[in-house]
Structure formats: C-alpha cells, structure tokens
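Predicted model follows, preceded by the sequence.
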Amino acid sequence: MIKTNQLRKVYDNGFEAVKSLSLHVNKGDIYGFLGPNGAGKTTTIRMLIGLIEPTSGDLEVSNLNVKKNKGEIKNLIGVLPESHGYYEWMTGEEYLLFFSALHKINKQQRKDKVTELLDLVSLTAKANVKVSQYSRGMRQRLGIARTLIHDPEIIFLDEPTLGLDPQGQKDIENILLHLNQVKGVTIFITSHLLKDIEKICNRVAIVKAGTLIEEDSVKGLMDKYKKDIHKDDLSLEDVFFHLTSDGKGEQ
Ligand SMILES: Nc1ncnc2c1ncn2[C@@H]1O[C@H](COP(=O)(O)OP(=O)(O)OP(=O)(O)O)[C@@H](O)[C@H]1O
C-alpha cells in the first residue's frame, strides 16, 4: 500500500532530516510510525502525501509513484496534519459540506455523506454548533471526519491525540479501529502515546535521526527484544526506549 525505497530529504539549509528510509505498509495495516522528537516523521509524511519533494529515493502510495501521480494520489488519501486550522465561524456540518464541495462530491450525496461522518465521529448532536465552540477532542474528531469525506483508501494522521484527555484519546482510538476493521481503511499514524499505539497498531516502524531502526509487527518486536530487556510484561514502550535512548536528546 505504501512503499519507500531509500527515501532521503535534505532541507535547503543542508540538514538531512530523512536518511535512506525504506518502509513497507500493507493494505489493511494500522501502521504506527514512531520516533523521538525530530526523528523525521512529519518530513516523511509530507513526502508521502506529495507536499514536499524527496531529495532522492522512490516512493509509492497505492501502487502509484508519488512524484508522477500527485493528482490521483490526492483522491486516494486523507490527511490530518499535526497542526491545522479550522474555519471557526462554520458549524461542524457546514465545515464538512464545504470540504465535500472542494472534493467535488455530487451535490445530492454531500448531505448524506456529512450525516454519515458526523455520526461516525459522534458529532451529530453538535452538527449545528460553531467550530469555535468545539473542545479540542471534538475538533480532532471533526478533522478525522474531514479526512474521510472522499472515501480515501489510506489516511495519514500526524499525532491525532496530541493534547487530548484520556477519554478524548480513547474516542479517537475507537474511531480508528472502526474505520480499519469495518471500512478497511489503511491507517498511517504517528504518536508519542506508545500505550495507545500498542493497542491499535498491528505494525510499527521506529525511526531515529532520520534512520529506520526497526519495522515489524508489534508482537514480532516484543518477541525479538524480550531476551535483551529483562522485564516481565514487556511493553512496546520498553522496546522503544531500548532502541532509541542513548542518553542524548534531539539532534
Ligand atoms: N523546513 C525545514 N528546514 C530545515 N530543517 C527542518 C525543516 N523542517 C523540519 N526540519 C528539521 O528536520 C528534523 C525532523 O523534523 P520532523 O518535523 O520531520 O520530525 P518529527 O519526527 O515529526 O518530530 P516531532 O515528533 O517533534 O513532531 C528536525 O530536526 C527539524 O528541525
């Protein structure tokens, strides 16, 4: 579903944020893309969605070369960036109707689609309330609904639970599990909340300083490292720290 081969990004100031990254995301995965701050996660997502050009390397999304098929890929993916603005003066329903029009969804189908999505993210009761009055959790759920307006095959979510309380985090997790299991959407997600990632992801990649350290199923990683980390009830977080901490902070 997503394939990168020796993907590399050197920014204009000469900083190499992503170094020879080869990733494989399968159809139907909930794929956790993990790494400390500054590891290159957002940079990688921006290349995968065609927002910035890689310096070198190949990347495919849905069997299409991203560099050559930007227009087509836009129709196949949904994106929730790390920080994004809302049109505060619109109601939740108006906001989704606006984006369904941008995606050129048939006029008759727009209202039905928006009603379905508001229900999916539990915002039906708030459909006619202005976004300016939404809590952070409601905004994130509305953002997820927005990514789904054109029925994408894959969604990219950059820290969707950032700043949410435990209930807000759980709500997002439940929506993502439903989308994946019932609708078959492939999900590429970054998060620093490793306990949640462990619960919902089937596969993960761990990156550090732009380099891939591991890519495996959650169970595969646990099995691989349990002999090195002597701990009962080993968690993904333990494996993450084992692989990424060297006493140094962000570089
Ligand atoms: N436009 C840019 N020009 C130069 N360097 C950049 C640019 N954007 C990001 N970087 C640097 O590239 C590195 C990777 O940044 P990126 O945002 O991709 O990391 P991240 O893994 O998403 O981090 P976080 O977990 O903090 O969101 C960082 O050191 C960052 O400062």
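Looks like it arrived, so ask away.

from here on, contacts and neighbour counts on C-alpha atoms
Will do.

just the helices in the stretch 1-150 of the chain please.
41-48, 70-76, 92-102, 107-120, 136-147 (DSSP state H, counting those that start in this stretch).

Could I get the contacting residues of the closest residue to residue 210 other than its chain neighbours?
Nearest residue to residue 210 in three dimensions, chain neighbours excluded: residue 18, at 3.9 Å (CA to CA, 6 or more residues apart in numbering). Listed by CA atoms under 8 Å, 6 or more residues apart in numbering, the contact partners of residue 18 are 7-10, 39-40, 43-44, 209-211.

Just checking: what are the partner strands of the lengthiest strand in the chain?
Longest strand of the chain, by residue count under DSSP state E: strand 2-10. Applying DSSP bridges to the sheet, strand 2-10 is found paired with strand 16-21 (antiparallel), strand 24-25 (antiparallel), strand 56-61 (antiparallel).

buried stuff in that strand?
Neighbour-count burial for strand 2-10 flags 2-4, 7-9 (criterion: 16 or more other CA atoms under 10 Å).

Among the residues you listed, which one sits closest to the ligand?
Distance to the ligand across those (CA to the nearest ligand atom) is lowest for residue 9, with 8.9 Å.

Surely that closest one touches residue 21?
No: shown here, residue 9 and residue 21 do not form a contact pair, counting by CA atoms under 8 Å, at 9.6 Å.

weakest of the helices of the stretch 1-150 of the chain in terms of mean pLDDT?
Taking each of the helices of the stretch 1-150 of the chain in turn, the lowest mean pLDDT turns up on helix 70-76, with a mean of 88.

and that helix, what other elements does it pack with?
Judged by 3 or more CA pairs under 8 Å, 6 or more residues apart in numbering; DSSP states H and E, helix 70-76 is in contact with no other helix or strand.

again, only this time at 10 Å
When contacts are defined as 3 or more CA pairs under 10 Å, 6 or more residues apart in numbering; DSSP states H and E, helix 70-76 packs onto strand 56-61, strand 64-65, strand 154-158.

Ranking those strands by mean neighbour count, which comes first?
Scoring the helices and strands packed on helix 70-76 by mean neighbour count under mean count of other CA atoms under 10 Å gives strand 154-158 as the most buried, with a mean of 24.

So which elements touch the helix or strand just after that one?
For strand 154-158, the succeeding helix or strand toward the C-terminus, using DSSP states H and E, is helix 166-183. For helix 166-183, the packing partners by 3+ CA pairs under 10 Å, 6+ apart come out as strand 30-34, helix 107-120, helix 136-147, strand 186-190, helix 194-200.

Contact partners for the one residue sitting closest to the centre of the chain?
With distances taken as CA atoms, centre = their mean, the chain has residue 157 as the residue nearest its mean C-alpha position (2.2 Å). Contacts here follow CA atoms under 10 Å, 6 or more residues apart in numbering; on that basis residue 157 touches 32-33, 42, 45, 78-82, 143-144, 147, 187-191.
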